[in-house]
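>>> take a look and give me a structure for this.
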Amino acid sequence: MSKISFYVIVVLLIAIGVGTAWTRHTHTGEAFLPGTQRVVWQVEARVHFTATGDPVKVSLALPDATQRFSLFNERATSPGYGFAIVEKNHQPRGEWTKGSAQGPQTLYYKAEFVAQPRRAGKPLTLHPFAVEPVDWPEPAATAARQLLDAAREKSSDPASLIREIVKLLHAAPANQDAALLLDQGIDKAHLVARLLNQADVPARVLMGLYLEDARRRQSLSPMVEVYTPQEMIVVNPDTGEQGLPDNLLLWNEDDAGILDVTGGHHSSVKFSMIQRLVPARQIAQAQDSLFNILGVHILPIESQSMFKMLFLLPIGALVVVFMRLIVGIKTSGTFMPVLIALAFLETSLIPGLISFVLIVAFGLVLRNYLSYLNLLMVARISTLIVLVITIIAAMSLIDYKLGLSTGITVTFFPMIIIAWTIERMSILWEEEGPKEVLVQGSGSLLVAVLAYGLMTFKPLMHLSFNFPELNTVVIALMLLMGQYTGYRLSELYRFRELFKDSGHAD
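I've put the predicted structure just below:
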């Protein structure tokens with residue numbers, strides 16, 4: 001049972017880390033890879049009207065977030081006007097107000113929308129509605145009944161009924177009933193919606209904006225929205241194509257009241273748009289999400305920089321666990337390689353290696369001299385710390401005179417840890433000889449270099465800081481490696497001749 005519970009814990013840790021990271025990705029748009037950019041559409045609505053000198057109130061229907069587009073940013077630029085966003089009948093509206101105005105007026109509403117990845121099988125979510133009563137004058141009423149009867153004969157459900165109605169309206173030669181209805185002064189979108197309502201299928205006209213890069217003075221396009229118990233269907237009344245086009249931004253769920261102007265006349269609204277690319281991180285930070293409220297990104301920049309470094313430690317620790325338990329590399333101290341790798345992040349790899357080797361080499365020479373003084377360990381270690389600081393200070397001054405900066409950044413090396421490392425290597429030298437010192441020292445540097453390589457790998461740096469919950473996956477991997485009791489890879493290499501002999505014996 002202990003083994004079962006152990007593996008249950010490992011699976012739970014992995015599931016929690018991956019599940020939380022995926023939830024963060026879907027809710028905030030945070031990308032899993034650094035440098036990922038998202039498509040952002042900048043849309044500008046230009047409202048123009050002529051004011052009559054009376055108090056002015058302008059109300060414009062505004063788009064709401066849908067599965068295809070999420071609102072990233074919005075603002076209104078209209079000097080002298082008050083502006084507020086209100087909600088009426090589940091639809092946001094922008095309202096401009098002014099005490100009085102005279103002559104031509106132009107108001108601007110600008111918004112940015114982020115294109116969301118299309119998810120297969122996800123239904124369109126709009127507000128349900130009921131069948132609207134339809135009243136036709138004669139002979140349009142008779143034409144509508146006959147056209148519906150002809151469409152019903154070739155349909156079996158609302159989706160097929162829509163297709164047949166659109167076909168009849170676009171038939172060549174023209175259907176007489178369809179021609180009569182089109183002569184009533186009703187556009188095709190409203191005509192299709194009225195016919196569907198007459199057939200007890202809830203339908204209405206909604207307005208959408210086709211997004212095309214660098215387009216100006218565009219108008220909203222009418223679409224027919226059909227409500228069925230199973231799904232919402234959006235139909236193009238001109239082509240009969242069902243489904244929401246990828247580049248269609250739903251602007252208003254009701255074609256009535258797109259623009260209402262009080263205190264003016266000759267009003268109109270036109271749209272311009274442009275496409276640009278924005279870093280996914282910028283979009284994720286702008287999302288109103290619990291991950292952003294409780295995340296480290298709300299901390300001051302200085303604190304974020306510290307956490308960005310701390311979140312790299314688990315990666316280095318994972319490398320140490322793998323190299324010691326699976327590969328069998330000997331190191332000086334358990335996690336000294338991680339500290340060395342952190343120092344390399346400040347100094348860069350080659351200058352850091354040279355500086356570390358020089359400091360330890362000088363320290364070993366000085367430690368060898370201290371051994372002749374028969375000092376107690378506390379005094380000896382304290383003296384080593386002071387000597388290490390002196391060595392680093394001297395290196396910094398020399399590098400500064402030479403126009404380099406390596407020595408200055410070397411101060412990131414943990415002084416006490418280096419002093420203890422020198423002490424341990426010195427004792428190891430006395431007890432095991434210089435070969436063991438070389439083995440453990442080179443092993444520490446090898447592990448540190450590998451840890452440095454992973455800690456500077458940009459995708460891992462991005463994941464560690466922006467998805468810190470993945471540390472539970474790192475813990476799970478450490479637990480799994482901690483259960484390993486087989487041969488180390490280095491041991492397999494040492495006993496390779498024995499394996500060859502046993503193979504010949506078989």
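
>>> tally of neighbours for residue 485?
6 (other Cβ atoms under 10 Å). (Each C-beta comes from the backbone N, C-alpha and C, glycine too.)

>>> gap between it and residue 478?
With distances taken as Cβ to Cβ, to the nearest Å, residue 485 is found 15 Å from residue 478.

>>> correct me, but residue 237 touches residue 194?
No: contact criterion Cβ atoms under 8 Å: residue 237 and residue 194 do not qualify, at 11.4 Å.

>>> the bottom helix or strand of the chain by mean pLDDT?
Sorted by mean pLDDT, DSSP states H and E, the helices and strands of the chain end with helix 406-409, the least confident at a mean of 49.

>>> packing partners for whatever helix or strand comes next after that helix?
Moving toward the C-terminus from helix 406-409, the next helix or strand (DSSP states H and E) is helix 415-432. If contacts are counted by 3 or more Cβ pairs under 8 Å, 6 or more residues apart in numbering; DSSP states H and E, helix 415-432 sits against helix 336-347, helix 349-371, helix 377-401, helix 434-455.

>>> looking at these, which is buried most?
Most buried of those, by mean neighbour count (mean count of other Cβ atoms under 10 Å): helix 336-347, with a mean of 23.

>>> okay, the angle between it and helix 415-432?
130 degrees (axes from the mean of the first three to the mean of the last three Cα atoms, to 10 degrees).

>>> got the CA positions of helix 336-347 in CSV?
Only the C-alpha atoms of helix 336-347 are listed here, as CSV (Å, rounded to 0.1, in the frame of the first residue of the first chain):
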residue,chain,number,x,y,z
MET,A,336,27.1,23.5,-4.1
PRO,A,337,26.7,23.0,-7.9
VAL,A,338,23.4,24.9,-7.9
LEU,A,339,25.0,27.8,-6.1
ILE,A,340,27.8,27.8,-8.6
ALA,A,341,25.3,27.7,-11.5
LEU,A,342,23.5,30.7,-9.9
ALA,A,343,26.8,32.6,-9.8
PHE,A,344,27.3,31.7,-13.5
LEU,A,345,24.0,33.4,-14.3
GLU,A,346,25.6,36.7,-13.1
THR,A,347,29.1,36.2,-14.4
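
>>> quick check: the residue lying closest to residue 55 once chain neighbours are set aside vs residue 61, distance?
Spatial nearest neighbour of residue 55, excluding adjacent residues (Cβ to Cβ, 6 or more residues apart in numbering): residue 263 at 5.4 Å. Taking Cβ to Cβ as the measure, residue 263 falls 19 Å from residue 61.

>>> who has more neighbours out of those two?
residue 61 (24 against 20).

>>> does anything pack onto the longest helix along the chain? Which helices or strands?
Ordering each helix of the chain by length in residues (DSSP state H) puts helix 2-28 first. With contacts defined as 3+ Cβ pairs under 8 Å, 6+ apart, the packing partners of helix 2-28 are helix 290-294, helix 471-482.

>>> is it true that residue 196 touches residue 159?
No: the pair residue 196 / residue 159 is not scored as a contact, 11.2 Å apart, by Cβ under 8 Å.

>>> the two: who's more crowded?
Taking neighbours as other Cβ under 10 Å, residue 196 and residue 159 compare with residue 196 leading, 27 against 16.

>>> where's the more buried one relative to residue 373, distance?
For residue 196 relative to residue 373 (Cβ to Cβ), the value is 100 Å.

>>> quick one: which helix or strand includes the closest residue to residue 218 other than its chain neighbours?
Residue nearest to residue 218 in three dimensions, not counting chain neighbours: residue 271, with 4.6 Å by Cβ to Cβ, 6+ apart. Here residue 271 sits within strand 264-279, counting by DSSP H and E.

>>> ok, the nearest residue to residue 268 once chain neighbours are set aside - contacts?
Take residue 268 and drop its neighbours on the chain: the residue closest to it by Cβ to Cβ, 6+ apart is residue 48, 5.4 Å away. Neighbouring residues of residue 48 by Cβ atoms under 8 Å, 6 or more residues apart in numbering: 104, 105, 106, 107, 267, 268, 269, 270.

>>> ok, now residue 311?
464, 465, 468, 471.

>>> most neighbours among those residues, which one is it?
residue 464 (24 neighbours).

>>> where does pLDDT dip in this protein?
1, 64-67, 117-129, 254-256, 286-288, 293, 403-417, 491-506 (pLDDT under 70).

>>> what segments of the stretch 51-200 of the chain are helices?
Remark: helices assigned in the stretch 51-200 of the chain by DSSP state H, counting those that start in this stretch are 140-153, 158-169, 176-182, 188-198.

>>> closest to residue 78 out of those?
Comparison of these against residue 78 by Cβ to Cβ identifies helix 188-198 as nearest, at 30.6 Å.

>>> so what secondary structure elements neighbour the closest one?
Using 3+ Cβ pairs under 8 Å, 6+ apart: helix 188-198 touches helix 140-153, helix 158-169, helix 176-182, strand 203-210, strand 221-227.

>>> now do 10 Å
helix 140-153, helix 158-169, helix 176-182, strand 203-210, strand 221-227, strand 232-235 (3 or more Cβ pairs under 10 Å, 6 or more residues apart in numbering; DSSP states H and E).

>>> Throw those into TSV and include distance to residue 381, thanks.
Formatted as TSV, these follow (distance: least, Cβ to Cβ, whole Å):
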stretch	distance to residue 381
helix 140-153	93
helix 158-169	81
helix 176-182	96
strand 203-210	72
strand 221-227	78
strand 232-235	74
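
>>> and these: which comes nearest residue 259?
Among the helices and strands packed on helix 188-198, the nearest to residue 259 by Cβ to Cβ is strand 203-210 (10.8 Å).

>>> report the separation between the closest residue to residue 31 other than its chain neighbours and residue 384.
Counting by Cβ to Cβ, 6+ apart, residue 31 lies nearest to residue 280, which is 3.8 Å off, once chain neighbours are set aside. From residue 280 across to residue 384, the span is 49 Å (Cβ to Cβ).

>>> what does residue 73 give?
From residue 73 to residue 384 the distance is 57 Å (Cβ to Cβ).
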